[in-house]
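J.: Sequence and predicted model, in that order:
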Amino acid sequence: MAALKRRANRKSHTNAMMHILGHVKKTVAGKECNQLLKLIEEYRQGMVPLIAPMSMLRLFVENHGNVYIQQQTYLTPHPDQLGLRNRI
């Protein structure tokens, strides 16, 4: 319950996305990886919403990820139709 009391922020989301990227970067082309890194940095700076890098990251994980990463709830914690990550 203590972990659930801590609200996610840009820093923690950035850290989680970089951790997941570390699991798939060996199978993703360098140019694509750099595009995702740029998008994550733009999110960290507040220039784009969370859904932008998350969408690209989910695509990479779907195409190149291992079972462990594909099963993580961080990637799909709720239905996208709710739009809960659009303002984070």
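T.: Nice, thanks for sending it over. Numbering: from 1, shown residues only.
J.: which residues of this structure fall in helices?
T.: 2-5, 10-24, 30-44, 51-64, 67-70 (DSSP state H).
J.: Could you give the average pLDDT over the third one?
T.: Going back to what we said before, that points to helix 30-44. Mean per-residue pLDDT for helix 30-44: 93.
J.: shaky segments in the chain?
T.: Within the chain, the stretches with pLDDT under 70 are 3-4, 77-88.
J.: change it to 80
T.: 1-5, 29, 65, 73, 76-88 (pLDDT under 80).
J.: one step back: for T76, find the nearest of the helices of the chain.
T.: Closest approach to T76 among the helices of the chain (C-beta to C-beta): helix 51-64, 7.4 Å. Quick note: C-beta positions are derived from backbone N, CA and C, even for glycine.
J.: got the angle between that closest one and helix 30-44?
T.: On the basis of axes from the mean of the first three to the mean of the last three C-alpha atoms, to 10 degrees, helix 51-64 is oriented at 150 degrees to helix 30-44.
J.: and helix 51-64, which residues are buried?
T.: By neighbour count on 16 or more other C-beta atoms under 10 Å, the buried set for helix 51-64 is 51-54, 56-58, 60-61, 64.
J.: Just the closest of those residues to I40, please.
T.: Distance to I40 across these (C-beta to C-beta) is lowest for P53, with 4.7 Å.
J.: so which pair among the buried residues of helix 51-64 is furthest apart in space?
T.: Spatially, the most separated pair among the buried residues of helix 51-64 is I51 and H64, at 20.1 Å (C-beta to C-beta).
J.: Does T27 touch N66 like I think?
T.: No. Counting by C-beta atoms under 8 Å, T27 does not reach N66; the two are 9.1 Å apart.
J.: one step back: name the nearest of the buried residues of helix 51-64 relative to L36.
T.: Taking C-beta to C-beta as the measure, L36 lies nearest M56 of the buried residues of helix 51-64, at 5.2 Å.
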